[in-house]
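Chemist: next one to model:
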Amino acid sequence: MRVVASPYHLTSRELPAMAGLLLADEAVTLLPTQSRASALDPESVRAAFVTHPRYLRLLESWRWSGPLWRDGLVRATRSPSDPADPADDARDACLRIDAEPHFAPLRRFLRRDWFAHDGRHLDTLCADLLKGGPDPGVSIPIATGLDAFAARHAMSVLRLAGGAAGSVARRAEELIAPPVFTVSIPVLARADGHTLLQLRAELDRELRRLRGAIDAALTCAPHPSPAQPLPAPPARALIAGVRAAAAEYARAFGDVRGAYVGRDDEHHERITDAWVTLTARRAPDDAALWASLAAMRSAGAPARPGRPLRAHPRPTVTWLCVGLSAIASA
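Modeler: Purely as a prediction, here's the structure:
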């Protein structure tokens, strides 16, 4: 179970990051850097701290996840031997908005510094991540880029479920992307990376079974074709397997919950848990662009976005949407 995590969720420690980094085998995220070549260059990172003060603040907000990076669970590239990273896909999303006529309404949000390779975009990107994504000129290309990267590398994208209070664009996305299955599971809602690694080790058997069941259900779900633009659901037996594995994991989590919840982590923050819903959805890899268009046209009310007519279907991406079910904390 390989996932792509949003840098917004790592910054705010939202539930998709907390749940996904507990469940997944490995995760890739978009790491802001001055240039692709400097992504893992310590000297360039230190230089960025001087020229872009927000960069230091951003990495400080990611400090909680440090053990996960050191363990290799979270990376900025597809693998240690493959330098592919989502930043290039985010830049490609900007190019599509700039070039394709049907995305013309989105151009007013476009940030031209995304086209530069000299680090000018870094301050803009860090500012938006720290504020939680109010700038559509940054958040739309990132969402689209993460989806395209995940689709190309057969990974799933961790998403925040829309719900009644979700944004218009997020609810439009969920209309475009039909659900494959939904399960409810308990996770740590607030914890540092070291605590997540401890819990992953303690529940290794149950997590392996749950990951395998999720992968089986997603692998066997048919993919789109010109005749069937969106995938049919997997066999009922596979969905039942996901639910059985989720129930086994939930029982095991309950057995060890008391050793984690209510104490302080290494950063002196109280560890809490939550029941979340995990909904798998399938969507075209450019669904974020079309949903953003639908949101612009909705005048504040969600409208069913028309699915674009395509001569050839877009690659399909799987979203793992995480939403709060009920908080249980000491």
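
Chemist: okay, CA-based contacts and neighbour counts for the rest of this
Modeler: Fine.

Chemist: now the strands for the stretch 1-150 of the chain?
Modeler: With DSSP state E, counting those that start in this stretch as the criterion, the stretch 1-150 of the chain has strands at 2-5, 26-29, 74-75.

Chemist: who does the last one pair up with?
Modeler: Taking DSSP bridges as the criterion, strand 74-75 forms sheet pairs with strand 26-29 (parallel).

Chemist: break down the stretch 51-200 of the chain into its helices, ranges please.
Modeler: 53-61, 66-71, 86-99, 120-131, 136-152, 168-176, 193-202 (DSSP state H, counting those that start in this stretch).

Chemist: how near is residue 136 to residue 288?
Modeler: Here the distance between residue 136 and residue 288 works out to 11 Å (Cα to Cα, to the nearest Å).

Chemist: more neighbours: which of the two?
Modeler: More crowded of residue 136 and residue 288, by other Cα atoms under 10 Å: residue 288, with 24 against 17.

Chemist: from the contact counts, what lies against the helix or strand where the more buried one lies?
Modeler: Taking DSSP states H and E as the definition, one finds residue 288 inside helix 287-297. Helices and strands touching helix 287-297, by 3 or more Cα pairs under 8 Å, 6 or more residues apart in numbering; DSSP states H and E, are helix 136-152, helix 168-176.

Chemist: and if we set it to 10 Å?
Modeler: helix 86-99, helix 136-152, helix 168-176 (3 or more Cα pairs under 10 Å, 6 or more residues apart in numbering; DSSP states H and E).

Chemist: what comes up buried for it?
Modeler: For helix 287-297, burial by neighbour count (16 or more other Cα atoms under 10 Å) applies to 287, 288, 289, 290, 291, 292, 293, 294, 295, 296.

Chemist: who are the contact partners of the second one?
Modeler: Think residue 288. Shown in contact with residue 288 (Cα atoms under 10 Å, 6 or more residues apart in numbering): 139-145, 147, 169-170, 172-173, 176, 294.

Chemist: what's the local residue count around the nearest residue to residue 122 once chain neighbours are set aside?
Modeler: With sequence-adjacent residues excluded and distances taken as Cα to Cα, 6 or more residues apart in numbering, residue 122 is closest to residue 34, at 6.0 Å. Under the neighbour criterion other Cα under 10 Å, residue 34 is assigned a count of 21.

Chemist: surely residue 34 meets residue 121?
Modeler: Yes - in terms of Cα atoms under 10 Å, residue 34 counts as a neighbour of residue 121; the distance is 7.8 Å.

Chemist: how far off centre is the lowest-mean-pLDDT helix or strand in the chain?
Modeler: Least confident element among the helices and strands of the chain, by mean pLDDT, DSSP states H and E: helix 42-51 (a mean of 72). Its chain's C-alpha centre and that of helix 42-51 lie 27 Å apart, by Cα atoms, centre = their mean, to the nearest Å.

Chemist: need the residues touching each of residue 136 and residue 288.
Modeler: Residues touching both residue 136 and residue 288 (Cα under 10 Å, 6+ apart): 142, 143.

Chemist: so which of the strands of the stretch 1-150 of the chain gets nearest residue 247?
Modeler: Closest to residue 247 of those, according to Cα to Cα: strand 2-5, at 21.3 Å.

Chemist: quick one: buried residues of that closest one?
Modeler: Using 16+ other Cα under 10 Å as the test for burial, strand 2-5 gives 2, 3, 4, 5.

Chemist: ok, those vs residue 193, which is closest?
Modeler: Distances from residue 193 to those, taken by Cα to Cα, are shortest for residue 5, at 14.5 Å.

Chemist: residue 156 is in contact with the closest one, correct?
Modeler: Yes - with contact defined as Cα under 10 Å, residue 5 and residue 156 form a contacting pair (8.9 Å).

Chemist: between the two, which contacts overlap?
Modeler: 27, 146, 150.

Chemist: quick check: which of the helices of the stretch 51-200 of the chain is buried the most?
Modeler: helix 136-152 (a mean of 24; mean count of other Cα atoms under 10 Å).
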